[in-house]
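Asks: quick one, fold the following:
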Amino acid sequence: MIETLINIVLFAMLVLTALAVVRINQLFAVVMLSGVFSLLSALLFVTLDAVDVAFTEAAVGAGISTVLMLGTIALTARTQKKSTRSGMVPFIVVVVTGAVLVYGTLDMPGFGDPNAPASLHVAPEYMIGSIKDIDVPNVVTSILASYRGYDTLGETAVVFTAGIGVLALLSGLTRRRREDEEEDV
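Replies: All right, here's what the predicted structure looks like:
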């Protein structure tokens, strides 16, 4: 009962934070609220016993993303420019995309269904073999670190490469800004 209440409160806070991010025009406040959103997501993942996902969300979402966005704000404007276009086209695109995604999930098995295809084939092998093969009690950790270690390494390499790319873009922006200031003088 208390866990359900915690989940509802965290989800409500997530929704309120997302609405605030959409409504605010001050970019610094948007970045800070995005970091808060990531931390709330991490807390929600912890309550769902997905500590590994929570750690990744906290590190990448709240940590690295917030720092990179603050760096970007330091190199650009502090407030959002007013849009001259109507917001209806993006809104319609989002609604249609959401409807298609919901339609795509209608024939999925129920959450936690023991007769779902994912629960019948390889999952029992992982559940039994996790303790026997590698002596790790947390099945999710054993799958990510051992059974799918190369995949996890590849995902880490992708995140690292994306971070390096963003830093390269930011350094180019700094250089361009300095050149523009020298031309103005």
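
Asks: ok, which stretches of this protein are helices?
Replies: Taking DSSP state H to define them, one finds helices in the chain at 2-23, 27-47, 51-56, 65-75, 88-104, 117-120, 123-129, 139-142, 149-184.

Asks: show me what the first one packs onto, helices and strands only.
Replies: The criterion is 3 or more CB pairs under 8 Å, 6 or more residues apart in numbering; DSSP states H and E, and the helices and strands that helix 2-23 contacts are helix 27-47. Quick note: C-beta positions are derived from backbone N, CA and C, even for glycine.

Asks: chain center to the helix it packs on: distance?
Replies: Centroid separation for helix 27-47 versus its chain: 9 Å, with CA atoms, centre = their mean, to the nearest Å.

Asks: and the angle from it to helix 65-75?
Replies: In terms of direction (axes from the mean of the first three to the mean of the last three CA atoms, to 10 degrees), helix 27-47 departs from helix 65-75 by 180 degrees.

Asks: tell me which residues of helix 27-47 are tucked away?
Replies: Neighbour counts over helix 27-47 (16 or more other CB atoms under 10 Å) mark 27, 30-46 as buried.

Asks: what are the contacting residues of that helix?
Replies: Identification of contacts with helix 27-47 by CB atoms under 8 Å, 6 or more residues apart in numbering yields 3, 6-7, 10-11, 13-14, 17-18, 20-21, 24, 51, 53-55, 57-58, 61-62, 65-66, 69-70, 73, 77-80.

Asks: buried only: go through the residues you listed for me.
Replies: By neighbour count, with 16+ other CB under 10 Å, these hold 10, 14, 17, 21, 53-54, 57-58, 61-62, 65-66, 69, 73 as buried.

Asks: which residue in these has the weakest pLDDT?
Replies: Lowest in pLDDT among the buried ones among the contacts of helix 27-47 is Val53, which has 79.

Asks: from Gly61, how far off is that residue?
Replies: Distance, Val53 to Gly61, by CB to CB, to the nearest Å: 11 Å.

Asks: again with Gly154
Replies: Using CB to CB, Gly154 is found at 20 Å from Gly61.

Asks: now do Leu170
Replies: In terms of CB to CB, Leu170 sits 18 Å off from Gly61.

Asks: can you tell me the distance between the two ends of stretch 61-68?
Replies: End-to-end distance of stretch 61-68 (CA to CA, to the nearest Å): 10 Å.

Asks: what does that stretch rub up against?
Replies: For stretch 61-68, contacts defined as CB under 8 Å, 6+ apart pick out 31-32, 34-39, 41-42, 163, 166-167, 170.
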